[in-house]
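# Got a sequence here, can you build the structure:
(one chain, ligands or ions: 2)
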Amino acid sequence: VEPTPEWFDEVRSLATARNATLLAHNYQLPAIQDVADHVGDSLALSRIASEAETDEIIFCGVHFMAETAKILSPDKRVLIPDARAGCSLADSITADDLRAWKAEYPDAVVVSYVNTTAEVKGLTDICCTSSNAVEVVASIDPDRMVLFLPDQFLGAHVKRVTGRENMQIWAGECHVHAGINGDELTARAQAHPDAELFVHPECGCATSALYLAGEGFVPEEKVKILSTGGMLDAARQTGAREVLVATEVGMLHQLRRAAPDVDFQAVNDRASCPYMKMITPAALLRCLREGRDEVLVAPDVAERARASVERMIAIGT
Ligand code: 13P
Ligand code: SF4
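Ligands and ions are numbered 1, 2, ... in the order given. Below is the predicted model:
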């Protein structure tokens with residue numbers, strides 16, 4: 001199935017007929033982004049899902065995102081075009097792992113990145129996304145220990161920005177972002193000395209980006225550690241002609257739309273998330289025609305997870 005104008009029209013008319021809101025993450029294929037009602041980062045899409053007034057939400061993203069929408073809107077039908085679209089970061093900690101970790105630190109506050117399963121969220125005090133992780137951790141009583149999971153690079157970024165000492169970080173990673181490494185970023189930054197750098201905090205190179213700035217290889221004001229939504233805001237304001245982007249390559253589509261005069265280039269053009277790309281034009285059409293795959297979360301798990309997700313959507317930008 002090619003994303004032809006006929007495909008676009010059929011998707012739109014089926015979405016209307018089903019009374020569905022179509023949401024797409026910034027890492028989706030360009031055609032999926034273009035046909036959606038809303039495109040955004042994890043935090044923005046969670047907020048939109050919680051306020052949607054249609055009977056159905058069709059989540060073009062990965063499974064934990066659709067689960068989060070279901071947790072926030074248990075009375076709506078939530079569909080994902082392919083339920084096999086998982087996330088290597090969410091897979092890096094299980095509920096049993098977290099139970100064991102909490103037993104070691106019984107008084108700690110658990111902060112989970114939204115890239116986690118519903119069961120892990122059910123054992124969490126506050127969820128966060130890359131947009132508000134710093135604000136979430138800063139909102140916690142400074143005398144309490146924080147257990148931050150599952151992303152080690154985002155955790156290190158939050159620890160650096162907040163200056164918090166009493167914070168333990170799980171050693172998980174996203175295989176796509178971890179693969180965008182410091183050597184590659186350094187080489188690209190040296191080849192493009194006038195470029196700004198937009199770096200997602202899940203990247204293996206997030207530390208190197210600050211190192212480059214700290215050592216004076218790149219002026220500090222040119223290095224921006226941002227969520228995907230934050231990158232779009234920065235793109236609209238940048239005075240730079242060239243920007244090197246360290247995140248999943250799907251992001252380039254919205255960046256180029258937001259600032260058509262800026263030359264956006266991927267730091268690593270192989271950084272494509274295989275799970276995000278399982279949401280193909282054919283899968284979306286099948287989902288709309290056949291009403292599957294439905295995303296269900298056991299009511300008791302959803303009940304336990306809801307408070308942590310609601311705290312997340314209340315905090316930060
Ligand atoms: P954000 O859109 O919240 O920056 O998340 C990035 C990501 O990797 C989602 O899987
Ligand atoms: Fe998960 Fe990484 Fe894919 Fe995001 S890019 S969905 S964190 S595997």
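# Could you list the low-pLDDT ranges of this structure?
209, 211, 214-215 (pLDDT under 70).
# what residue lies at the spatial centre of it?
Geometric centre of the chain, nearest residue: S42, 4.5 Å, by C-alpha atoms, centre = their mean.
# excluding its backbone neighbours, what's nearest that one?
Closest residue to S42 apart from its sequence neighbours, by C-beta to C-beta, 6 or more residues apart in numbering: T129 at 4.3 Å. (Glycine included, C-beta is placed from N, CA and C.)
# picking up where we left off before, the residue nearest to the centre of the chain: what's it in contact with?
Going by C-beta atoms under 8 Å, 6 or more residues apart in numbering, S42 touches 25, 65, 68, 114-115, 129-131, 227.
# Could you report the neighbour count for the residue nearest to I93 when sequence neighbours are not counted?
Spatial nearest neighbour of I93, excluding adjacent residues (C-beta to C-beta, 6+ apart): P150 at 4.2 Å. Around P150 there are 25 other residues, counting by other C-beta atoms under 10 Å.
# Enumerate every residue touching P150.
89-90, 92-93, 112-113, 115-116, 120, 170, 172.
# Do a quick rundown of the strands in the chain.
20-25, 38-40, 56-60, 77-79, 109-113, 126-128, 146-149, 167-169, 196-199, 223-225, 242-246, 263-266 (DSSP state E).
# Is it possible to get the ones you listed out as TSV so that each row also shows distance to ligand 1 and mean neighbour count?
Formatted as TSV, the strands of the chain follow (distance: least, C-beta to the nearest ligand atom, whole Å; neighbours: other C-beta atoms under 10 Å):
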stretch	distance to ligand 1	mean neighbour count
strand 20-25	6	25
strand 38-40	7	21
strand 56-60	12	26
strand 77-79	17	24
strand 109-113	9	25
strand 126-128	9	27
strand 146-149	15	24
strand 167-169	17	18
strand 196-199	11	26
strand 223-225	11	20
strand 242-246	12	24
strand 263-266	15	17
